[in-house]
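Asker: One predicted model, sequence on top.
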Amino acid sequence: MSIPQSGGGPIEHFEQLAEYMESGCKPAADWRIGTEHEKFGWLTDTCLPLPYAGDRSISALFDGLASRFGWSPLREGENVIGLTRNGANVSLEPGGQFELSGAPVEDLHQTAAELRNHLAEVGELAGPMGVNFMGIGAAPEWTHAQMPVMPKGRYRLMTDYMGRVGTHGTQMMYRTCTVQVNLDYGSEADMVKKLRVALALQPVATALFASSPFFEGRPNGHKSWRSRIWRSLDDSRTGMLPFVFEDGMGFQRYVDWVLDVPMYFVYRDGKYINALGQSFRDFLKGELPALPGEKPTLSDWADHLTTVFPEARAKKFIEMRGADAGNEAHLNALPAFWVGIMYDNAALDAAWDLVKGLDAETRQGLRVAASVSALQGEAGGVKLIDLARAAVDISRGGLAARACAGSGKADETGYLDVLLDNLARGRVQADDLLAAYEGPWRHSLAPIYADTSLC
């Protein structure tokens with residue numbers, strides 16, 4: 001999750017909210033790729049989650065990354081809650097999920113190199129500690145009571161609120177991991193087209209990257225339990241955003257939706273002030289109960305934008321949010337899939353042609369089907385495996401057209417190979433994990449930790 005935003009002055013007129021988003025528009029030559037992935041740390045002798053403090057802990061890893069590899073610590077009070085280096089940061093999800101938010105880079109070869117370097121640095125420190133990390137969408141065995149709680153004020157407030165809305169909020173916070181990519185747009189019209197394609201194809205990403213078929217020690221009936229969790233979290237701030245596909249969609253329409261999402265907090269002087277359930281519209285009028293008489297800054301608006309969680313999210317860029325975390329090949333394939341579609345005009349047009357006929361009911365039906373059945377799912381007469389084949393083919397064409405050479409490769413299409421293999425087999429990571437559980441694992445999840453290890 002996001003760290004506090006900074007650098008915004010006072011909001012003096014309503015139009016600044018949409019102008020903030022519009023300021024993200026960039027010429028295509030300046031578009032970048034920002035990949036984020038989360039992973040669960042675990043102790044190799046007990047298979048229990050990695051705690052925040054102690055000799056074998058997140059804090060110890062932070063200390064090692066800072067002293068040995070030049071990362072700079074980010075603190076909240078006395079606690080180190082993240083690291084920064086050269087435009088990248090390492091941060092913590094509520095249950096200690098270790099997240100790399102990569103620096104904005106120009107091509108997928110740089111993304112892959114950044115991931116490889118990160119895993120090498122973490123592995124060099126974690127191995128001697130008896131620690132490892134697994135790439136998977138949901139904690140397969142751990143209960144809520146077993147999860148460590150990170151010392152971040154934002155998460156304390158959110159945990160309380162999640163317990164009062166929806167039914168799965170704390171599961172999302174403490175026991176899921178995702179991989180996502182952040183991509184740029186060139187104009188308001190470009191943002192609208194990309195957000196529409198991103199939302200409509202998010203079920204394809206959920207299906208292709210599904211890796212969370214277990215929860216609390218048993219199969220859960222879904223290929224992506226992480227995606228299932230998001231469907232029962234908080235309807236006011238999640239979902240497929242049908243309004244995005246309506247006439248009149250633009251920066252202001254998105255702003256109007258975000259303004260109607262209840263607030264979580266206001267960040268002041270290093271502390272999170274409880275504003276749970278309060279209205280940003282009241283804040284704009286100086287009538288926020290948490291800070292009576294005070295009006296927001298653009299930093300407050302940027303913070304509030306990070307508290308909405310639709311399947312694809314717009315800020316000064318667009319975040320693709322529908323995929324489970326997975327192995328290294330899949331962590332590289334997720335940005336490749338979306339870059340191929342979004343960063344080539346012909347590919348983006350083809351992707352829009354592919355999905356523009358889907359109505360809201362079908363899009364939502366595909367979202368549900370992807371979480372349950374992955375590539376075997378269908379809704380409204382649309383089979384996810386067929387939609388996925390078409391989307392990956394479009395992405396491959398877009399990557400070929402980009403013709404970005406690097407790492408001994410003529411272009412970036414090779415990062416899609418794992419998805420092409422999934423489609424050829426009609427199987428994804430979740431299917432392989434379930435087959436192992438029913439076969440050689442003999443209904444034990446003990447082998448899943450080593451099987452999904454990243455370091």
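Answerer: Great, that's in hand. Since we're looking at a predicted model, the values are computed, not measured.

Asker: Low-confidence stretches in this structure?
Answerer: Low-confidence segments of the chain, defined by pLDDT under 70: 1-7, 159-169.

Asker: Quick check: residue 321 touching residue 314?
Answerer: No: look at residue 321 against residue 314 with CB atoms under 8 Å: they stay out of range, at 11.1 Å. (Glycine included, C-beta is placed from N, CA and C.)

Asker: which residues does residue 423 contact?
Answerer: Residues near residue 423 by CB atoms under 8 Å, 6 or more residues apart in numbering: 208, 375, 385, 388, 389, 392.

Asker: my bad, residue 74
Answerer: 3, 80, 81, 82, 83, 84, 89, 91.

Asker: what's the closest of those to residue 297?
Answerer: residue 3 (16.2 Å; CB to CB).

Asker: hang on, the earlier thing: take the contacts of residue 423 and lay them out in JSON lines including distance to residue 264.
Answerer: As requested, the contacts of residue 423 are exported to JSON lines (distance: CB to CB, whole Å):
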{"residue": "208", "distance to residue 264": "31"}
{"residue": "375", "distance to residue 264": "35"}
{"residue": "385", "distance to residue 264": "38"}
{"residue": "388", "distance to residue 264": "35"}
{"residue": "389", "distance to residue 264": "40"}
{"residue": "392", "distance to residue 264": "36"}
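
Asker: Show me where the stretch 301-450 of the chain has its strands.
Answerer: Per DSSP state E, counting those that start in this stretch, the stretch 301-450 of the chain carries strands over the ranges 309-310, 312-314, 318-324, 378-379, 382-383.

Asker: for these, which one sits closest to residue 8?
Answerer: Using CB to CB, the strands of the stretch 301-450 of the chain put strand 312-314 closest to residue 8, at 17.2 Å.

Asker: what helices or strands is that closest one leaning on?
Answerer: Contacts defined by 3 or more CB pairs under 8 Å, 6 or more residues apart in numbering; DSSP states H and E place strand 312-314 against helix 188-208, strand 318-324.

Asker: which residues are in contact with it?
Answerer: 21, 191, 195, 198-199, 202, 241, 254, 305, 318-322.

Asker: Pull out the buried members of those residues.
Answerer: The neighbour-count test (16 or more other CB atoms under 10 Å) marks 21, 191, 195, 198-199, 202, 241, 254, 305, 318-322 as buried among those.

Asker: For residue 364, which non-adjacent residue is closest in space?
Answerer: Using CB to CB, 6 or more residues apart in numbering and skipping the chain neighbours, the partner closest in space to residue 364 is residue 240 (5.6 Å).

Asker: pretty sure that neighbour is touching residue 363, no?
Answerer: Yes: between residue 240 and residue 363 there is a contact under CB under 8 Å: 5.3 Å.

Asker: between the two, which one's more packed in?
Answerer: residue 363 (23 against 19; other CB atoms under 10 Å).

Asker: Just put the buried ones among the contacts of strand 312-314 in TSV and tack on distance to residue 234.
Answerer: Below are the buried ones among the contacts of strand 312-314 laid out as TSV (distance: CB to CB, whole Å):
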residue	distance to residue 234
21	22
191	24
195	20
198	20
199	18
202	18
241	14
254	18
305	16
318	21
319	17
320	20
321	14
322	17
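
Asker: Nearest to residue 176, out of these: which one, please.
Answerer: Nearest to residue 176 out of the buried ones among the contacts of strand 312-314 is residue 321 (CB to CB; 11.5 Å).

Asker: ok, what's across the strand from the closest residue to the closest one other than its chain neighbours?
Answerer: Once flanking residues are discounted, residue 321 sits nearest to residue 180: 5.2 Å by CB to CB, 6+ apart. For residue 180, the beta-bridge partners are residue 36 (DSSP bridges).

Asker: For residue 180, give me its contacts.
Answerer: Residues in contact with residue 180 (CB under 8 Å, 6+ apart) are 35, 36, 37, 319, 320, 321, 323, 334.

Asker: Distance to residue 150 added to the residues you listed, as CSV?
Answerer: As requested, the contacts of residue 180 are exported to CSV (distance: CB to CB, whole Å):
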residue, distance to residue 150
35, 22
36, 17
37, 17
319, 21
320, 25
321, 20
323, 23
334, 24
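
Asker: The residue located most distally from the centre of the chain and residue 285, how far apart?
Answerer: Distance from the C-alpha centroid of the chain, by CA atoms, centre = their mean, peaks at residue 293 (35.3 Å). Residue 293 sits 10 Å away from residue 285, taking CB to CB, to the nearest Å as the criterion.

Asker: Then residue 32?
Answerer: 37 Å.
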